[in-house]
Structure formats: C-alpha cells, structure tokens
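*Asks:* coords below, sequence missing:
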C-alpha cells in the first residue's frame, strides 16, 4: 500500500481540481470524481497529493460500498470534567465531535467549506446579505419525537446573545439582530450589516439547533444521527444510531463511543492495541511508528492551524517596521516544518489563509529565509547586536521549538533572542499579546472573513499585534456584503498582501492535524479542512469493515 | 486501657479537624494565587472581557476571597460540598463517580501488595545476609529505582501492543465478568504493586531486623525458642508500629497520588479529577478532593498508630 510519502504538496493541481469539480457537477460523489483523475493517468500524483488522502481510497475503492452496523471507539486528546453537551460551550475537539453527533446545524460544511443545506433545506438572501430566509426541512424530529419548528431555531441562535450562556461564539452572533418565524417552516434572520457568509457561520458546531427551552443539555437532545446513550464528563460518552434520522441511509455505524485520552503515547498505544479505532493529535514521531504497521493509517489535514510570532505595535523594539520585517526573514520555514513539525505541516507566507481556501491568493511571492537581508534591516532599525526577549510556551503548539530555531537564525543576523519559557497554565490570559515578542496559536475558523475579523481588524479583541490599518478594516467589512465572487476574491487578495507586508505577525508554517485510525474504518477519504475527525463531522460518514 | 484508647482516638479526631481546616485554608490561598481564575479558564483562549465578567458575576468570583472561603466552609460544615464551577455539576456527584474507582483500585492493590510485601520483608529479615535476602534486596531496590511511568509504559507496550493479551486502557464501566475484571486491572495493579511492594518490604525488613538485634530476642534465642516463633511471636509485634505506618503511607499514596497510573491507563480515578479541578481553578472541587486525601491520610495514620498500640503488649497495658 502506498502511503502519504510527501506531505509537502498537499493539493491537486488546478486542472485536476477542475476535472473533479466538473465531474461532481455531473452528479458524481467526490470519491468517484477523484477516480476521473485516476482514469486520465494522473492517479498516483493526485492520490498522494490530496489533502489527507493517505492513498487509502485507492486501495479501498473496491470495498467502497458502505456497510451497516458495527461499533467503534474514538479517543480525542482532551477530556475533562469541563466536557459539555451544550453546543454553545464546546471548547475542544471532543465537544465539537459530540455536537455534530447529536445535533445538526441549519447548514453544514462540505469538503470545500462551502455551506450546504442541512436542517434548512434551502436558504436565500434578498439584499446582499442582511436579510436571510431559511426554509426548514419538513419531517425532522428531535430524538424525543418532537418535530423541528422555527421556535427551536430562534431559541438556539438567540441564546448565544445572552452573556449568561457564556457562548464561545458570542462575537459571531453579535451581528444577528433578530431571528423571526415567518410561518411554520421559514425563519428570517436580520443582520446589523450585510454578511454574505452567514450560512457558513451557521454551520459551526456551536450554532447547531437544540430544542426550544432546553436548560439541561446533559441529555444531548438534538436531531443528529446519533442519540446520546451515556455522557460522563471526562470519561466517555456513547451515541447510538438514531433510527429516525432524516438523512436517508445515514448513519452507518450502530454506535460510537467517544473517550478522552490526554496522554499522547497512551492514545497511540490504545489504537495500536485495538482498544480504540480512531485517535487525533498524533505526534510526528508516533505517526511514523504507526505507518510501519499495515492495520493502521495516518491522515494529515491542514486546516489552517498556525502558531505565529506576535510583534506588538505598541511596544519597543517591535514597533519598528524594520525589526518586524527582519523577524519575518529570519524564519527558516523549511527547517521549522522539518524539525518542529516532523514534516506534518505546510509552509506559510506570513498571512493566515490556507491554500485550500477559496479566497487564497496565490500571487503573493513566498518570503524566503534571508539572514543577510534581516541583518541589514536590523542595522537600519538600530538593533544590531541587541538582546530581545522572546516568550514561548507549550500552550502555543511547537512555539518552543520554533523559538529555538529562530534564536539560531537570529544569531546569524546579529540579534540575540533571549527565550523566556513560560508554563501553559494561564498562558492565554497572562502572556498572550502582553509581551513585545511572543507566540500565539490560532485555531482554524470556519470562514476567511471570521479569521480576519477576529484577529486582524483594528478593533478586534484579539488583534494580536495591535496592528491598525483603516484600508484593511474597510475591506474586511466591505467583503462581507460583496455579492460578486471575483470582486470578493480580489478584496481578499489585497487583504492577504497587506497582512503579509505590514502586519505584526509572522506565520512560518501551518500545522497539520494528524490523526490515526484502524484500516477497517471505511469512508475516511472524506476531508473537511476544518480540523481532525473530518472537521469533527465524521460520525455519520464512516462505516466499519471489520 | 479502654479509656486511654478512646481518649487517644478523640484527641486524634480533634486535631484532625484542625488539620483539615488549616489544609483547606492553605489550598484556598494557593489556588487563589495561581494565575487566571475559573472564568478565564472555562472560557479559554478566545474569551472576551465582557464574557469573563459575566461569568465571574455568575460564579460569584467578584466577591472578596475571604467571603468566598467562608461560604465554602459553612457549606462544607453542613455537608454541602458546593457545585463545580467549570460544569455546574454538584461536586458530590463528580466525587461519587470517581471515588469508588479509586477505592477499588486501592483495595485490589492493597490486598495483593501488603501480604506479598510482608512475606518478602519477613523472609529477608530472617535470612539476613543470605542468598534470599540479597536476591530480594536486589529486586526491591531495582523496583524502587524504576519510576512507575516506565513500568506502566513498558507493560503497555509488551502486554497490550505487542502481545495483545491485555487492554491498553482501563475502562471501569465495561467490566462484566471476572476475566474481564482481571484483564482490566492487571496492568494498573501490577504497576502500583511493583513500587509499593518494594517500599513496604524494605520497611518491614528494616523494622524487623531492628527488633531481631535487640536483647530480648537474643534472650529468647538462648532459651531455645525456635526461629519462626521467635520472629512471629516475639519480634514482629514490636515491629508492627513502623510497619503499619509504612503501609498507611503507601495506602494514602494509592488513593490520591496515582495520577501517573490514572493518566497512562486512562483510569477515571480521583487523582485526575483533582488535576482537572486545579487546572480549571475549580475551587469547590479542589477543596473536596483535598479534604478526601487529607482525611484519608489522617485516618490511615491513626489506624496505624492504633495497630501499633494494640499489637504491642507493653503499650497496650500501659
């Protein structure tokens, strides 16, 4: 079996992509569409190159018909007494997985992160995105038999606006001014300003639909493909097949047990000994170990997670533009990817949008490692031979390794970086964005606009570097209401260029999330580039061949 | 004699209460000193200041620390352990879910390790300097020297990953037969035993040898008392005090200090509950766990002292 040998080039070429797209337009599934490429002879290249395609589908294509039945156990990397079935409070992979198992959103992401109908069978906007009408699917019932009504939608969305809920996505729903029932099937959303991406926002796991008036979320009462049979925070939860699931033919599995195993080596051992069938957050070393065994497969997904160097505009010496530019030239990105990530990543270009995003701008020249240029920039900034503290922490993944590598390359340019390691406990509230030079870690966001709004807008609470650019701010807002795709793409290209050129963050690499699974799990070739576990939505798409 | 024992127990209980009070105060102070509070920990990296404020108000975190301590203490005194701040569940329920697991693991390990350790220690003491003693010495020393995470990891790699005989994880709720029960507990108990047996056996040997060297044992020997009787009837009762204390310390460790074993085997015990609680700054839960550990420790040490008094005729008849 050929395995993913080369995580460097994770993507199909544009021509191949077009072929796949055209085939899908003709009604083929993505799997079948990928075979189109195979038929034209580009098979091998595409198999190794597709995001996370561990070439498994090539070997499995004959047994690609889903099978029904079976029970698997999935282990996620973190679980604690903080675990919740309240979608609004979801904080880690295991919470997101459960949210998508037991509940459904109005919309759902497909493999290109385009929002597709889910509980809403259709949606439309009337005026460039400030009024939206969602038509609910008929015949959908909650696990207790109660039919889905517009009231459920109103309750599910509006509860995020109440500070008492403690919603993790309060900032995303702020723009939703009101949600109204037009009749017993249609719901109207009114936004404070146009947002063409509302359907994408409604697809996130926090905004799935719960039953009207729910106060006790521990039962996991939703419309999802699995019913909650057991939920013990920090220990495990069990979902059993929902026989009345509205999506015909799904799910395939009879039951899924979700557990948390926080220790990485225990997690890998549990997979290798057959106690669990799927795990996430696998380290590069363990991934290599797993690849040597035929019964297991490794899948790397670049969802756009990045650990970035934060250079504050309001502090010295990072307020000097030459210093910031010099730091960006001091990343030896190839080395960081090879050493800090063991190859499981993708070279980034100091802007946060990944190449699989529809808004990625490929015309931006890659910033290369250039210590001489950095040295002259530092000289211009009057900082040759200076000593600057750099804060790193295990809380920002791989930041300690990156800091050491950066320290070595900075020495070449005559800059001494004094690495200050701080514990992960309390890092985000006490250190992140509070030092002139430090690291942050940003998890994937569902849309490019949310990412840019939350981390680069001048007024954003998490504007990491304190970067202010009015033109950029205007573009972020304007792009939300721009109906024309080509114009919108151009706007995103401009924004990426601005961040790359001016902003105070350096993004050396995107960190792939690596998961391991038993080879007897079918359907794993589906990839949603939002995170591991098929963007946390694997539950209803996989089957058991054992 | 009964009165003096009763008095001792009463005195111990009274001082235990004061100890618990002091411990709770120290734990409260230390938890308050940790960077970040419950609201920040619950909301995570991407919390807005408004959300943090709202949650703080909801949890009552903006009240002065002393008042919060008093609220907790008065609740505790009336048997109300409070609610977990991180997920709103009653602390008593969280503890109820986990404590039986920890007690079961402690019980099984105790039942296996204590007799084995005592036999090993006594045998080594009786054959002091002999082949048996030196062999046992070597074994126990190397068991003490190897850290338990290494024992546990090696055991998993060998028995679960390579041989596939045992599950790599301990799932308490999937046990439905004696065979499954033994499989699930084999590795955690083995790991814990390997450390504890070594410690207890060495303490037993040392305590017993101390007594065997004393004049009265010499006397018994000169009078022709056979070796077995000399050790079990004469020396051992006098050595029970230190041995019981060593056992008590080991057992209190089993209840709360087995975080490594709980982590590696994903065993849902009370130690990992407390670690979760500390990292979430979940004060009520931290305090409840601390009280359990501290209470168990005090109780075990008291029992050990009682054992020492009751087993020793000289102390008993004083």
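*Replies:* That came through, no problem. The structure presented is a predicted model; accordingly, all values stated were derived computationally and were not measured.

*Asks:* Just the pLDDT for residue A:532.
*Replies:* Model confidence at residue A:532, given as pLDDT, is 87.

*Asks:* Might one say that it is in contact with residue A:281?
*Replies:* Yes: with contact defined as Cβ atoms under 8 Å, residue A:532 and residue A:281 form a contacting pair (7.2 Å). C-beta: built from backbone N, CA, C; applies to glycine.

*Asks:* joint contacts of the two?
*Replies:* Any residue near both residue A:532 and residue A:281 by Cβ atoms under 8 Å, 6 or more residues apart in numbering or on different chains counts here, and that gives A:93, A:513, A:514, A:515.

*Asks:* Now, those residues that are in strands?
*Replies:* A:513, A:514, A:515 (DSSP state E).

*Asks:* how far away is the second one from residue A:289?
*Replies:* Distance check for residue A:514 against residue A:289: by Cβ to Cβ, to the nearest Å, it reads 12 Å.

*Asks:* Could I get the phi/psi values of residue A:540?
*Replies:* Backbone torsions of residue A:540, given as degrees, to the nearest 10, read phi -90, psi 0.

*Asks:* ok, now residue B:82?
*Replies:* Dihedral angles (degrees, to the nearest 10) for residue B:82: phi 90, psi -180.

*Asks:* Is the closest residue to it other than its chain neighbours in a helix, a strand, or coil?
*Replies:* Of all residues not flanking residue B:82 in the chain, residue B:284 sits nearest, at 3.5 Å (Cβ to Cβ, 6 or more residues apart in numbering or on different chains). Recorded secondary structure, residue B:284: helix (DSSP: H, G, I helix; E, B strand; the rest coil).

*Asks:* burial of residue B:284, as a residue count?
*Replies:* Residue B:284: 25 surrounding residues under other Cβ atoms under 10 Å in any protein chain shown.

*Asks:* That one is in contact with residue B:86, isn't it?
*Replies:* No: counting by Cβ under 8 Å, residue B:284 stays clear of residue B:86, with 9.8 Å between them.

*Asks:* returning to what we had before: of all the shared contacts of residue A:532 and residue A:281, which two lie farthest apart?
*Replies:* Pairwise distances across the shared contacts of residue A:532 and residue A:281 (Cβ to Cβ) peak at 12.7 Å, for the pair A:93 and A:514.

*Asks:* residue contacts, the closest residue to chain B within the stretch 401-546 of chain A?
*Replies:* For the stretch 401-546 of chain A and chain B, the shortest gap (Cβ to the nearest Cβ) falls at residue A:426, measuring 3.5 Å. Listed by Cβ under 8 Å, 6+ apart, the contact set of residue A:426 reads B:34, B:35, B:36, B:40.

*Asks:* Quickly check those residues for the two that are furthest apart.
*Replies:* B:34 and B:40 (10.7 Å).

*Asks:* what about the two, which has more around it?
*Replies:* More neighbours surround residue B:40 than the other of residue B:34 and residue B:40, with 21 against 13 (other Cβ under 10 Å).

*Asks:* Which residues of the stretch 151-300 of chain A lie near chain B?
*Replies:* A:163-164, A:166-168, A:170-171, A:232-236, A:259-263, A:265-266, A:269-270, A:272-276 (Cβ under 8 Å from any Cβ of the partner chain).

*Asks:* The same query, at a cut-off of 7 Å, please.
*Replies:* For the stretch 151-300 of chain A, the residues found near chain B under the criterion Cβ under 7 Å from any Cβ of the partner chain are A:163-164, A:166, A:170-171, A:232-235, A:261-263, A:265-266, A:269-270, A:272-273, A:275.

*Asks:* Please apply the same query to the stretch 351-500 of chain A.
*Replies:* A:425, A:426, A:428, A:429, A:430, A:461, A:462.

*Asks:* Please check those and keep the buried ones.
*Replies:* Neighbour counting over those (16 or more other Cβ atoms under 10 Å in any protein chain shown) leaves A:425, A:426, A:428, A:429, A:462 as the buried ones.

*Asks:* Could you identify the helix or strand that succeeds the helix or strand that contains the third one?
*Replies:* Using DSSP states H and E, residue A:428 falls within helix A:427-430. The C-terminal neighbour of helix A:427-430 among helices and strands, as given by DSSP H and E, is strand A:437-442.

*Asks:* List the contacts of that following strand.
*Replies:* A:306-311, A:318, A:352, A:388-393, A:396-397, A:399, A:431-433, A:455, A:464 (Cβ atoms under 7 Å, 6 or more residues apart in numbering or on different chains).

*Asks:* Not counting its neighbours along the chain, what's nearest the residue in the stretch 51-200 of chain A that chain B sits nearest to?
*Replies:* Per Cβ to the nearest Cβ, residue A:163 is where the stretch 51-200 of chain A lies closest to chain B, at 3.6 Å. Nearest non-adjacent residue to residue A:163, counting by Cβ to Cβ, 6+ apart: residue B:54, 3.6 Å away.

*Asks:* For that neighbour, what are phi and psi?
*Replies:* phi -60, psi -40.

*Asks:* Show the model's pLDDT score for it.
*Replies:* So residue B:54 comes in at 79 (pLDDT).

*Asks:* so residue A:203 sits right up against residue A:114, yeah?
*Replies:* No: between residue A:203 and residue A:114 there is no contact under Cβ atoms under 7 Å: 9.6 Å.

*Asks:* still on that earlier bit, what's the burial count for the residue nearest to residue A:163?
*Replies:* 19.

*Asks:* what ranges of the chain fall below the confidence cut-off?
*Replies:* With no chain named, the answer covers chain A. Within chain A, the stretches with pLDDT under 70 are A:1-64.

*Asks:* that answer is for a different chain, and I need it for chain B
*Replies:* Along chain B, segments meeting pLDDT under 70 span B:1-3, B:44-46, B:171-175, B:313-318.

*Asks:* Close to chain A: what parts of it are there?
*Replies:* Neighbours of chain A within chain B, by Cβ under 7 Å from any Cβ: B:34-36, B:40, B:42-46, B:48, B:50-51, B:54-55, B:58, B:84, B:86-87, B:94, B:97, B:153, B:156-157, B:160-161, B:164, B:167-169, B:263-264, B:266, B:268, B:273, B:276, B:279-280.

*Asks:* at 6 Å what do you get?
*Replies:* Proximity of chain B to chain A, by Cβ under 6 Å from any Cβ of the partner chain, involves residues B:35-36, B:40, B:44-45, B:48, B:54-55, B:86-87, B:156, B:160-161, B:167-169, B:263-264, B:266, B:268, B:276, B:280.

*Asks:* if we can go back for a sec, who's more crowded, residue A:532 and residue A:281?
*Replies:* residue A:532 (28 against 21).

*Asks:* Surely the more buried one touches residue A:513?
*Replies:* Yes: between residue A:532 and residue A:513 there is a contact under Cβ atoms under 6 Å: 4.2 Å.

*Asks:* picking that back up, please say which of residue A:203 and residue A:114 ends up with more neighbours.
*Replies:* More crowded of residue A:203 and residue A:114, by other Cβ under 10 Å: residue A:203, with 27 against 13.

*Asks:* Run a quick neighbour tally on residue 180.
*Replies:* All of this is about chain A. The number of residues packed near residue A:180 is 12, by other Cβ under 10 Å.

*Asks:* wrong chain, I was asking about chain B
*Replies:* Neighbour tally, residue B:180, other Cβ under 10 Å: 13.

*Asks:* quick one: it and residue B:166, what's the gap?
*Replies:* 11 Å.
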